[in-house]
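A.B. asks: this one's sequence-less:
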């Protein structure tokens, strides 16, 4: 009797075959799946190196490529079986240049950062400033009391989000049309952070950002055509595959079309941003156990949902960028397997 193949992105076709008819039809409604093989010849001079790096010359000669696209949002991701089979790197690396130093502006934020026109807000574990080089009408910063962004406690994160709520309220009181709130956390330089000191960014705009507007248009069109909630069906597809989990009021999705490595979504109909604090904290703590050192996190409203998205941006000592031409102008190329990520949670 043949052993059953474990669930994996490389064996997605096999996983789909085991879905019920309704689940399979829902998958096909949301996703287009294409599986192909990339072939190459390995010169004899490279065989030893190839076997050492990838474990098998045969695997390198014939590589399974899984290409997934969300038919509605246009999101697409390419997975290479060879790349996805690599183990998560959970080794603790030395993290350079991350400890507190005298030149850090945010360590003396009261004197070295500007307040917003509506004033500076303070929590128990953070304070706000205005972003000195804005990319929107309202653009603020939540500066953590803790310099090291990799140090986090539940009560700290809750405080950051409480202050964020107050900041969004202040912006709306100045301009009631600036009601599109967006929270950003670029953790360390691989994620695009210009300063090491722990901080989040906040924007409040009159116009919805393009990707969020597109997502809302997709969800509204989906309801009009199918009479169903797009986000509910998105979760149900992932749950059927073993990639969706419920956590109290939140729903976690280990995303089939991630923008980059280890992407996780939270969907929540909670009224307040702060209601997501515990779920976000648990994801970040699990990320750390997986060796994640730098990440991008966003929280925003789309229709009546709070949505959080988070991606791993790679090791701090790796000088290579994880984003290239494919990610900018085509579909994302991702190494991590969503199925193996889900197993860790």
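C.D. replies: Okay, I see it. Note that the structure is a prediction, hence the values are computed from the model and not measured.

A.B. asks: CA atoms for contacts and neighbours, from now on please.
C.D. replies: OK.

A.B. asks: Quick one: low-confidence residue ranges for this protein.
C.D. replies: 1-3, 84-97 (pLDDT under 70).

A.B. asks: how does it look with 80?
C.D. replies: 1-5, 81, 83-102 (pLDDT under 80).

A.B. asks: Find the residue at the geometric middle of it.
C.D. replies: Geometric centre of the chain, nearest residue: residue 310, 2.0 Å, by CA atoms, centre = their mean.

A.B. asks: quick one: that residue is in a strand?
C.D. replies: Yes. Under DSSP: H, G, I helix; E, B strand; the rest coil, residue 310 sits within a strand.

A.B. asks: how about the residue lying closest to it once chain neighbours are set aside, what does it touch?
C.D. replies: In this structure, residue 310 finds its nearest non-sequential neighbour in residue 297, 4.3 Å apart by CA to CA, 6 or more residues apart in numbering. Counting by CA atoms under 8 Å, 6 or more residues apart in numbering, residue 297 makes contact with 184-186, 308-311.

A.B. asks: and residue 297, bridged to which residues?
C.D. replies: residue 185, residue 310 (DSSP bridges).

A.B. asks: can you tell me how far it sits from residue 127?
C.D. replies: 19 Å (CA to CA, to the nearest Å).

A.B. asks: Equivalent analysis for residue 158, please.
C.D. replies: Distance from residue 158 to residue 127, by CA to CA: 13 Å.

A.B. asks: cool, residue 186 as well?
C.D. replies: Distance from residue 186 to residue 127, by CA to CA: 17 Å.

A.B. asks: Just the helices from the stretch 201-345 of the chain, written as ranges.
C.D. replies: Here the stretch 201-345 of the chain has its helices, by DSSP state H, counting those that start in this stretch, at 210-226, 230-241, 277-289, 325-329, 338-342.

A.B. asks: If we go by neighbour counts, what in the longest one is buried?
C.D. replies: Right, the one you point to is helix 210-226. 214-222 (16 or more other CA atoms under 10 Å).

A.B. asks: Tabulate these in TSV, adding columns for distance to residue 117.
C.D. replies: What follows is the buried residues of helix 210-226, written out as TSV (distance: CA to CA, whole Å):
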residue	distance to residue 117
214	32
215	32
216	31
217	34
218	36
219	36
220	36
221	39
222	41
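
A.B. asks: Residue 56: which of those residues is nearest?
C.D. replies: Checking those against residue 56 with CA to CA, the nearest one is residue 215 at 41.5 Å.

A.B. asks: And stretch 67-83, how far out from the chain middle?
C.D. replies: In this view, stretch 67-83 has its centroid 15 Å away from the chain centroid, taken as CA atoms, centre = their mean, to the nearest Å.

A.B. asks: Give the buried residues for it.
C.D. replies: 67-70, 72-73, 75-83.

A.B. asks: which two from the residues you listed end up farthest apart in space?
C.D. replies: Within the buried residues of stretch 67-83, two members stand farthest from each other by CA to CA: 72 and 82, at 28.3 Å.

A.B. asks: Could you point out which of the buried residues of stretch 67-83 is nearest to residue 54?
C.D. replies: Using CA to CA, the buried residues of stretch 67-83 come closest to residue 54 at residue 82, 7.6 Å.

A.B. asks: my guess is the closest one is in a helix, correct?
C.D. replies: Yes. Counting by three-state DSSP, residue 82 is found in a helix.

A.B. asks: Correct me if wrong: it contacts residue 59.
C.D. replies: Yes. In this structure, residue 82 is within contact of residue 59 by CA atoms under 8 Å, at 6.9 Å.

A.B. asks: contacting residues for the residue lying closest to residue 131 once chain neighbours are set aside?
C.D. replies: With sequence-adjacent residues excluded and distances taken as CA to CA, 6+ apart, residue 131 is closest to residue 140, at 5.0 Å. Counting by CA under 8 Å, 6+ apart, residue 140 touches 116, 128-131, 201-203.

A.B. asks: cool, and residue 162?
C.D. replies: Residues in contact with residue 162 (CA under 8 Å, 6+ apart) are 123, 273-274.

A.B. asks: among those residues, who's most crowded?
C.D. replies: Counting neighbours by other CA atoms under 10 Å, residue 273 leads these with 20 neighbours.

A.B. asks: Quick check: that one vs residue 339, distance?
C.D. replies: Relative to residue 339, residue 273 is positioned 28 Å away (CA to CA).
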